[in-house]
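Chemist: Next one to model:
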Amino acid sequence: MLNQIQRIQRLTATLFLGIASGLPLALTGQAMQAWLTMDGVAIATIGFLALVGVPYTFKFLWAPLMDRFEPPLLGRRRGWLVLTQLVLAASIYYLSTISYVINPVAFAAVALLVAFLSASQDIVIDAYRTDLLPVNERGIGASMSVLGYRIGMILSGGIALIWADQWHSWNRVYAMMAGIMLFAAIFSFVFLPAVKSDIKALNSDPKKELLGFFALVAGVLVGVYLTRLAFVFAGVDLDGANKWMQLAYVLVSLCVALPMGVKAAQSVGFATLTQSLSNYFSQKSAWAFLILIILYKLGDAFAGSLFTPFLLKGMLFTQVEVGIVNKIIGIWLTIIGAFLAGLLMMRLSLFQALMSFGVLQLVSNFGFYALAVLGKGAWGSFTLMPFDLGFVAVATATPIDGLLMSAIALENITSGMGTAAFVALLMSLCSNQFSATHYALLSALAAVGRIYVSPVAGVLSESFGWPNFFLFSVATAVPGIVMLWWMRQSIHQISQKSS
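Modeler: As a prediction, the model looks like this:
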């Protein structure tokens, strides 16, 4: 009986942490895009602001610190979790008090801080879940985590849009999200079960670890500064440059700054980071797998990068309709897709699942193209009657566009299927010795498409129009399929090794 109660407690904790992880994501992503769109901010500018999500792609750089150091009282995992959630709640609330139109620099800076804290929370949650769940519970635990993550995204993505329409205030919506995050910190402090934490097993000098991290940050800042000097020396006025030149500056800065930061960290002695990276890159086809991870969801990332501004500004759907269809119904369809993929993967090999689901992801982008070409009302509509669930309500009958519903359904189901196979690939590539840092590295690279395509997407959509943009998103999915086929033998090998 006691074992059953403990099992329920562990799975409940896993579900809750999934909600806490999914909640902040949209607040620097699609919810923020909706807020900026309704404030009249240009599409290209919204695309560039997606770069505040950069911390999601670099979280493996400070993940070793959260492994190496232990906050007092609550232990290594729960201590970091409560700390990040408290600061995250305060940062989201502060963001709710700022207007991008009035103070764009402060808005972008605080949004960047929210993304950093959210990525840090994800690091701790992934490690806590690994430490908490015994091997025989990790399958059901992963399902509970995905379910919770999607519920969190429904709160900050779908319900947030409905609240914004009802309250006529995105500032109030973000203040509400800050309150939910504060509740999450209190829940973590009071109810989450403790996990074993043997910090002495990490054999490294803590002073060198800290010096190595600060050297990494200094190297990145120097790289950014040198890149800016090079552009200025070449006669480029970055403040007055066109969007393409600004985009080139951002991409070159990243390519220069990151290697400089890692090199600086290695020279000082960031041992945990260095050892974990060395362990990963000792694997066969390590670089090829990194490229595959970036490319596999690239077409999906392009199509979804500015989908909310496309629906609100390009197609003139209401916030309520977008919130219901794209954020609430759509996310539940993603869960259905992931569940369907789980059933199919019991009969398919990892490569077969990745290939078949990847092709379906590519095909789903044609639904967005059809919506852009045929327009609103092309397939008729149906009416959603008013409802009141207590925490969210729609006071008037809302028309739901048939083509919008079909495109969202196709994209979300296939995206859920692709994500399930993709997560299985990431888990197969992790070493048990460095699973937390390896998963942070791989999941960070998986976020590259979601973060870095948005500036390109904003420029492309303004330059060539929405139909051509969605055709381009189909084309960007092709390299991932080709790379997948080329690596089929390596994928068979890692799937057999991990089984």
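
Chemist: per-domain residue ranges of the chain.
Modeler: With domains defined by automatic domain parsing, the chain comprises 1-193, 206-282, 284-499.

Chemist: Please name every helix or strand in contact with the strand or helix carrying residue 494.
Modeler: Using DSSP states H and E, residue 494 falls within helix 488-498. Judged by 3 or more C-beta pairs under 8 Å, 6 or more residues apart in numbering; DSSP states H and E, the packing partners of helix 488-498 are helix 350-374, helix 402-429. C-beta here means a position set from N, CA and C on the backbone, and glycine is covered the same way.

Chemist: okay, the ones you listed in a markdown table with mean neighbour count, distance to residue 326 and mean pLDDT next?
Modeler: Below are these laid out as a markdown table (neighbours: other C-beta atoms under 10 Å; distance: least, C-beta to C-beta, whole Å; pLDDT from 0 to 100):
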| stretch | mean neighbour count | distance to residue 326 | mean pLDDT |
| --- | --- | --- | --- |
| helix 350-374 | 20 | 11 | 92 |
| helix 402-429 | 22 | 6 | 83 |
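
Chemist: Quick check on the nearest residue to residue 328 once chain neighbours are set aside: phi, psi?
Modeler: In this structure, residue 328 finds its nearest non-sequential neighbour in residue 158, 3.6 Å apart by C-beta to C-beta, 6 or more residues apart in numbering. Main-chain torsions, residue 158, degrees, to the nearest 10: phi -90, psi -60.

Chemist: Residue 158 against residue 333, yeah?
Modeler: No - Residue 158 is not in contact with residue 333 according to C-beta atoms under 8 Å; the separation is 12.0 Å.

Chemist: Which one's more surrounded, the two?
Modeler: Taking other C-beta atoms under 10 Å, residue 158 and residue 333 do not tie; residue 158 has more neighbours (25 against 21).

Chemist: circling back to that earlier point, out of the domains of the chain, which gets the lowest mean score?
Modeler: Among the domains of the chain, domain 206-282 carries the lowest mean pLDDT, at a mean of 78.

Chemist: ok, the nearest residue to residue 353 once chain neighbours are set aside - contacts?
Modeler: Distances taken as C-beta to C-beta, 6+ apart place residue 421 nearest to residue 353, at 4.1 Å, with adjacent residues excluded. For residue 421, the contacting residues are 341, 345, 350, 353-354, 357-358, by C-beta atoms under 8 Å, 6 or more residues apart in numbering.

Chemist: Quickly check the residues you listed for the two that are furthest apart.
Modeler: Farthest-apart pair in the contacts of residue 421 is 345 and 358; separation 13.5 Å (C-beta to C-beta).

Chemist: correct me, but residue 384 touches residue 401?
Modeler: No - between residue 384 and residue 401 there is no contact under C-beta under 8 Å: 11.1 Å.

Chemist: Which of these two has more residues huddled nearby?
Modeler: Taking neighbours as other C-beta under 10 Å, residue 384 and residue 401 compare with residue 401 leading, 23 against 17.

Chemist: List phi and psi for the spatially closest residue to that one that is not a sequence neighbour.
Modeler: With C-beta to C-beta, 6+ apart as the criterion, residue 401 has its nearest non-adjacent residue at 5.0 Å, and that residue is residue 381. With angles defined as degrees, to the nearest 10, residue 381 sits at phi -160, psi 170.

Chemist: for residue 380, same thing?
Modeler: phi 80, psi -170.

Chemist: what sits against it?
Modeler: residue 402.

Chemist: Check the gap between it and residue 403 for me.
Modeler: Using C-beta to C-beta, to the nearest Å, residue 380 is found at 8 Å from residue 403.

Chemist: got the residue ranges for the helices in the stretch 1-150 of the chain?
Modeler: 2-22, 30-38, 43-49, 55-58, 63-68, 76-96, 104-132, 138-153 (DSSP state H, counting those that start in this stretch).

Chemist: Nearest to residue 246, out of those helices?
Modeler: Nearest of these (C-beta to C-beta): helix 43-49, 7.3 Å.

Chemist: Can you tell me the SS state at residue 383?
Modeler: Classification of residue 383 using DSSP: H, G, I helix; E, B strand; the rest coil returns strand.

Chemist: What is the burial count for it?
Modeler: Count around residue 383 with other C-beta under 10 Å applied: 8.

Chemist: Same question for residue 400.
Modeler: Neighbour tally, residue 400, other C-beta under 10 Å: 15.

Chemist: Show me what the host helix or strand of it is packed against.
Modeler: Using DSSP H and E, residue 400 sits within strand 398-401. Packing partners of strand 398-401 (3+ C-beta pairs under 8 Å, 6+ apart): helix 319-322, strand 381-384.

Chemist: quick one: the helix holding residue 494 to helix 350-374, angle?
Modeler: Orientation check (axes from the mean of the first three to the mean of the last three C-alpha atoms, to 10 degrees): helix 488-498 against helix 350-374 gives 120 degrees.

Chemist: Would you indicate which residues of helix 488-498 are buried?
Modeler: Neighbour-count burial for helix 488-498 flags 490-491, 494-495 (criterion: 16 or more other C-beta atoms under 10 Å).

Chemist: what's that helix in contact with?
Modeler: 284-285, 288-289, 349-351, 354-355, 425, 427-429, 484.

Chemist: again, only this time at 10 Å
Modeler: 283-285, 288-289, 292, 349-355, 424-425, 427-430, 484-485, 487 (C-beta atoms under 10 Å, 6 or more residues apart in numbering).

Chemist: Check stretch 226-236 too.
Modeler: Against stretch 226-236 from outside (C-beta under 10 Å, 6+ apart): 237-238, 241, 245-246, 248-257, 260.
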